[in-house]
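Engineer: model the structure of this input:
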Amino acid sequence: MTQSSSSPSPAAGPLAGLKVVELGQLIAGPFAARTLADFGADVVKIEPPGAGDPLRTWRLLKDGTSVWWQVQSRNKRSLALDLREPEAQAIVRQLAAEADVLVENFRPGAMEGWGLGPDELLAANPALVMLRISGYGQTGPYRDRPGFGVVAEAMGGLRHLTGEPGRVPVRVGVSIGDTLASLHGVIGVLMAMQHRHATVSAEFPKGRGQVVDVALYEAVFNCMESLLPEYGAFGAVREAAGSALPGIAPTNAYRCADGGYAIVAGNGDSIFKRLMACIGRPDLAADPALAGNTGRVAQVDMLDAAIGDWAAQRTVTEVLAALDAAHVPAGRIYTIADIAADPHYAARGMLQEVKMPDGSGLAVPGFVPKLSLTPAGHRRNAPALGADTEAVLKEIGLSAEQIAALQERGIVG
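Structural biologist: Just a heads-up that it's a prediction; the model follows:
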């Protein structure tokens, strides 16, 4: 496992010098800001004094704080600020006036209610890129509805496809709707930054910023492959198919002799022939009716039965060894214990260990994607609530006396 320290890393990252203000909470906004932070951006995370971001207490806690927090907020600084107060809103305006990017994932209208909408912020800083992530987007008849990732996954078409046919649609298992929206948001920010660089002029010395509007349900829908054109052309409504991949064969999970499952993807034409030879069915490999995907889809039940019968006589390890030797894509279904013990994960730097304040180590995921010249890095652990309040406020010109007065009134923490 790769060791990471809580002390600053020498790796600057490709986004070094980029100033980001994060006003989001929980998953969608913070994941986007964390991605920017991992690659060098200076992210100031604004949280309410007292409790902070609710994610600090989600799932399993270590010393009173979620271990998830160490992933979601690494490389960030924490500024505790009560956004309901006019003085706090003024501080955000000061930060935004000097920032490159602002990230928020409140319900549409919340920022405007605080005087922090794009009209105000871009007027003061025309170069600002403002990423806004919400359930349904900033426009449209649903914009004011509260939207969480799980609802977006359903509306985006994903939930209908997950699970076994005829049974209740199931959740993917992680907050995939939030994460997809986050990644679309990061893409949008980087495209907006490219446009900003291209629009530098005498009128706009730093280029023109803009608003990046990401709706959770649209981020999910954007990944739904051929669902809409299939419906538009044929009236076809794709249904849940369990572990199979509808219309592409053979691809499925097959139960093995030890009770485990092997995922086998034999849907390429040449791969299919190697797979059939491996399972002792050269007759199927030579069948011209099965030479292409369309023919295999028509007989998918027969193919699944043949592969299933072969797998049922072998352990998962034996199945995977045979398929690997035959150059057929296959794999086991990993638990997190399998991931933590896997040498490939370790070799790729995906298993990091950070040192906690008490000296103990904590396993956290590594960085994606891998950049050859300017890789991401762990520069600092996730901050304690308000750990950087004084430093950030001093950077924008507040005196020690002003900061103390704000702290006494509970506006900053």
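Engineer: poorly predicted segments of the chain, please.
Structural biologist: For the chain, applying pLDDT under 70 flags the ranges 3-11.
Engineer: 50 instead, please
Structural biologist: 5-10 (pLDDT under 50).
Engineer: find the centremost residue of it, please.
Structural biologist: Residue closest to the average C-alpha location in the chain (CA atoms, centre = their mean): residue 179, at 3.2 Å.
Engineer: leaving out sequence neighbours, find the closest residue to that residue.
Structural biologist: Nearest residue to residue 179, sequence neighbours excluded (CB to CB, 6 or more residues apart in numbering): residue 31, at 5.9 Å. In this view, the C-beta of every residue, glycine as well, is placed from N, C-alpha and C.
Engineer: tell me the contacts of the residue nearest to the centre of the chain?
Structural biologist: Under the criterion of CB atoms under 8 Å, 6 or more residues apart in numbering, the neighbours of residue 179 are 27-28, 31, 149.
Engineer: do a quick rundown of the helices in the stretch 301-413 of the chain.
Structural biologist: Applying DSSP state H, counting those that start in this stretch to the stretch 301-413 of the chain gives helices spanning 316-325, 336-341, 343-347, 389-395, 400-408.
Engineer: dump these to JSON lines, plus distance to residue 191.
Structural biologist: As requested, those are exported to JSON lines (distance: least, CB to CB, whole Å):
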{"stretch": "helix 316-325", "distance to residue 191": "40"}
{"stretch": "helix 336-341", "distance to residue 191": "32"}
{"stretch": "helix 343-347", "distance to residue 191": "31"}
{"stretch": "helix 389-395", "distance to residue 191": "28"}
{"stretch": "helix 400-408", "distance to residue 191": "37"}
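Engineer: still on that earlier bit, isn't the residue nearest to residue 179 right up against residue 178?
Structural biologist: Yes: Residue 31 lies in contact with residue 178 (CB atoms under 8 Å); the separation is 6.7 Å.
Engineer: which residue ranges of the stretch 101-250 of the chain form helices?
Structural biologist: Taking DSSP H, counting those that start in this stretch as the test, the helices found in the stretch 101-250 of the chain are 110-113, 118-124, 149-155, 176-198, 216-221, 227-234.
Engineer: packed most tightly, which of those helices would that be?
Structural biologist: The highest mean neighbour count among these, using mean count of other CB atoms under 10 Å, belongs to helix 216-221: a mean of 23.
Engineer: contact partners of that one?
Structural biologist: Counting by CB under 8 Å, 6+ apart, 28, 133-137, 147-149, 151-153, 155-158, 176-178, 180-181, 183-184 sit against helix 216-221.
Engineer: please apply the same query to stretch 405-413.
Structural biologist: Contacts of stretch 405-413 (CB under 8 Å, 6+ apart): 49-50, 79-82, 85, 87-88, 91, 385-386, 389, 393, 398, 403.
Engineer: how does it look with 7 Å?
Structural biologist: Stretch 405-413 is contacted by residues 49-50, 80-82, 85, 87-88, 385-386, 389, 393, 403 when judged by CB atoms under 7 Å, 6 or more residues apart in numbering.
Engineer: what sits against residue 251?
Structural biologist: 244-245, 265-267.
Engineer: would you confirm that residue 236 contacts residue 230?
Structural biologist: Yes: between residue 236 and residue 230 there is a contact at 4.6 Å, judged by CB atoms under 7 Å.
Engineer: quick revisit: in ChimeraX, select just the buried ones from the contacts of stretch 405-413.
Structural biologist: Here is the ChimeraX command that selects the buried residues among these (16 or more other CB atoms under 10 Å):
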select :49,80,81,82,85,88,385,386,389,393,403
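Engineer: export the contacts of stretch 405-413 as CSV, with columns for distance to residue 348.
Structural biologist: Formatted as CSV, the contacts of stretch 405-413 follow (distance: CB to CB, whole Å):
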residue, distance to residue 348
49, 40
50, 40
80, 36
81, 38
82, 42
85, 46
87, 47
88, 42
385, 33
386, 35
389, 37
393, 40
403, 44
